[in-house]
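In: Requesting a structural model of the entry that follows:
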Amino acid sequence: MAQLFAYIAAALVFAGLAGSYALARLAEEIRPELSLALMPSLPPALEAKADAMIAENRTGDPAILQEARDMAQRALRASPLEPAALRVLAGTGPQDPAYIGRLVGTAMQLSRRDVGAQLLQIELAVSRNDVRGALVHYNIALSVSPSLGPVLYPILLSASDKADLLPSLRAMVGQDPQWLPSLISWTIDNPDNLRRLARLVSAIPPSSEALAPGYGQALVEAMVERGDLPAAFAVQQAYGRRTRVPQFAGGFVFRPIDWTTSDNYDTGSDLIESPAPHVHFFAEAGTQGVILSRLAALPAGAYRLAFALIKPADSAAGAMTLAIACRRAGGDEEISRAAVQIATQRFSQDFTVPASCPYQWLRFSVAARQAPLAGDMTGIALQRLP
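Out: Now for the predicted structure:
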């Protein structure tokens, strides 16, 4: 009986220790103090506590840095192969690049997933003016810890302001890193960086998830709204590689740089995909309005815009107007206007873009008389004249 009680007591002690260990491991990163109270030598808890102390030490108090260093050394005594502890030693010890490089290099050999080590590697690479090396570690840090995006994205995008760094940034984007869609989403929410992102988008591989139309449309709209038209057109060209529509001079996806249909109550239009792409339009009796528009960036010179109309036999009479206007900050300035009677026929209109007009609105309007009208439009072609 005494032996049985001894076995039970030993089992209870073992169960208690196992429970304490399990609880300590569960809390080691979220509540390192609790973990250390249960298991004073648990390396992950020691490292988490040291990291928290360093992060909260905004004044650089040497006593706090030394305490964090002591915790890292305790963690290494308990488990010599702890990359986080090596990284803490590197960050709190003598600020000698060779010393830091050896410790961080060892930490990286043990685990590439230690974000702190990656950030220290970035600092070391920057101190050596090693742009490629810094970008390699930016990529790893963002890949293993997406939550770092709001901290690192502004640094990466601001680097595009420097002409000598831009090729390296574009090369990194060209490798289609997994965090690229997150970078675009963050930039949409932080529009001060839109112009910087526009310098990189043409380097994104065509197969990248970051080139999904939703990203492009949001970027184009935001850039046009802010008046960053060069950036907006750069983004549309990158995202619109495969969105052109047969029988139209452009696409319909990235509005307003692509053709934009109208959805008004009295007048409107829709792109119909089959049997061949065309725009169906309508106007109620006695109404008029824009049914198709596009923001363009035509170089100065003479142009011809041709299009075809198809009028159903039972549709009422009406007119279509093509107006071309220069986009101005203080208001649009019309440079050409022509009206035709809606009939099944091909039409064309010549116009000239002056040198002072870098951006233009192309707008088609319809007007109905005493009865509603409807029709179809297709074959829009834009040609530069000699």
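
In: CA atoms for contacts and neighbours, from now on please.
Out: Will do.

In: Output the lowest mean pLDDT helix or strand found in this protein.
Out: In the chain, no helix or strand scores lower on mean pLDDT, DSSP states H and E than helix 2-27, which sits at a mean of 36.

In: Show the contacting residues for the spatially most central residue of the chain.
Out: Against the mean C-alpha coordinate of the chain, by Cα atoms, centre = their mean, the closest residue is residue 184 at 0.5 Å. Counting by Cα atoms under 8 Å, 6 or more residues apart in numbering, residue 184 touches 197, 210, 215.

In: Now tabulate these in JSON lines and tack on neighbour count.
Out: Formatted as JSON lines, those follow (neighbours: other Cα atoms under 10 Å):
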{"residue": "197", "neighbour count": "23"}
{"residue": "210", "neighbour count": "24"}
{"residue": "215", "neighbour count": "18"}
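
In: So which of those residues are in helices?
Out: 197, 215 (DSSP state H).

In: now, which of the contacts of residue 184 sits nearest residue 79?
Out: residue 210 (41.6 Å; Cα to Cα).

In: name the element the nearest residue to the closest one once chain neighbours are set aside belongs to?
Out: Closest residue to residue 210 apart from its sequence neighbours, by Cα to Cα, 6 or more residues apart in numbering: residue 181 at 4.6 Å. Secondary structure from DSSP states H and E places residue 181 in helix 180-189.

In: burial measure for residue 359, as a count.
Out: Residue 359 has 18 neighbours, counted by other Cα atoms under 10 Å.

In: isn't it right next to residue 298, touching?
Out: Yes: contact criterion Cα atoms under 8 Å: residue 359 and residue 298 qualify, at 6.6 Å.

In: Next up, the contacts around residue 247.
Out: Counting by Cα under 8 Å, 6+ apart, residue 247 makes contact with 277, 278, 378, 379, 380, 381.

In: ok, the helix or strand harbouring the third one: who's next to it in the sheet?
Out: Okay, so that is residue 378. For residue 378, the host element (DSSP H and E) is strand 373-384. Sheet partners assigned to strand 373-384 using DSSP bridges are listed as strand 278-283 (antiparallel), strand 301-310 (antiparallel).

In: just these: most buried one?
Out: Mean neighbour count (mean count of other Cα atoms under 10 Å) peaks for strand 278-283 among those, with a mean of 23.

In: What's the first helix or strand after that strand?
Out: strand 288-296.

In: hang on, residue 366 in a strand?
Out: Yes: according to DSSP: H, G, I helix; E, B strand; the rest coil, residue 366 belongs to a strand.

In: Spit out the contact partners of it.
Out: Counting by Cα under 8 Å, 6+ apart, residue 366 makes contact with 267, 282, 283, 288, 289, 290, 291, 318, 319, 320, 321.

In: Including pLDDT and distance to residue 167, could these go into CSV?
Out: As requested, the contacts of residue 366 are exported to CSV (pLDDT from 0 to 100; distance: Cα to Cα, whole Å):
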residue, pLDDT, distance to residue 167
267, 95, 48
282, 95, 49
283, 95, 51
288, 94, 50
289, 96, 46
290, 96, 43
291, 97, 42
318, 91, 54
319, 94, 52
320, 95, 48
321, 96, 46
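
In: Quickly name whichever of the residues you listed is closest to residue 83.
Out: Residue 83 lies nearest to residue 291 out of the contacts of residue 366, by Cα to Cα, at 63.0 Å.

In: can I assume that closest one is in contact with residue 269?
Out: Yes: with contacts counted by Cα under 8 Å, residue 291 reaches residue 269, the gap being 5.5 Å.

In: can you list residues touching both of these two?
Out: By Cα under 8 Å, 6+ apart, the residues touching both residue 291 and residue 269 are 261, 262, 263, 281.

In: On the strand side of things, show who the first one bridges to.
Out: So that's residue 261. Going by DSSP bridges, residue 261 forms beta bridges with residue 292.

In: quick one: which helix or strand includes residue 271?
Out: In the assignment (DSSP H and E), residue 271 maps to strand 267-272.

In: just checking, what packs against that strand?
Out: Helices and strands touching strand 267-272, as assessed by 3 or more Cα pairs under 8 Å, 6 or more residues apart in numbering; DSSP states H and E, comprise strand 260-261, strand 278-283, strand 288-296.

In: by how many degrees do the last one and strand 267-272 diverge?
Out: Computed with axes from the mean of the first three to the mean of the last three Cα atoms, to 10 degrees, the direction of strand 288-296 lies at 50 degrees from that of strand 267-272.

In: What are the contacting residues of strand 288-296?
Out: Here strand 288-296 makes contact (Cα under 8 Å, 6+ apart) with 255-263, 266-269, 281, 283, 359-368.

In: and residue 265, how many neighbours?
Out: Residue 265 has 8 neighbouring residues, counting by other Cα under 10 Å.

In: Residue 336 reaches residue 324, doesn't it?
Out: Yes: checked against Cα under 8 Å, the pair residue 336 and residue 324 is within contact range at 5.1 Å.

In: Those two: which has the busier surroundings?
Out: Shown here are residue 336 and residue 324; by other Cα under 10 Å, residue 324 has more neighbours (25 against 16).
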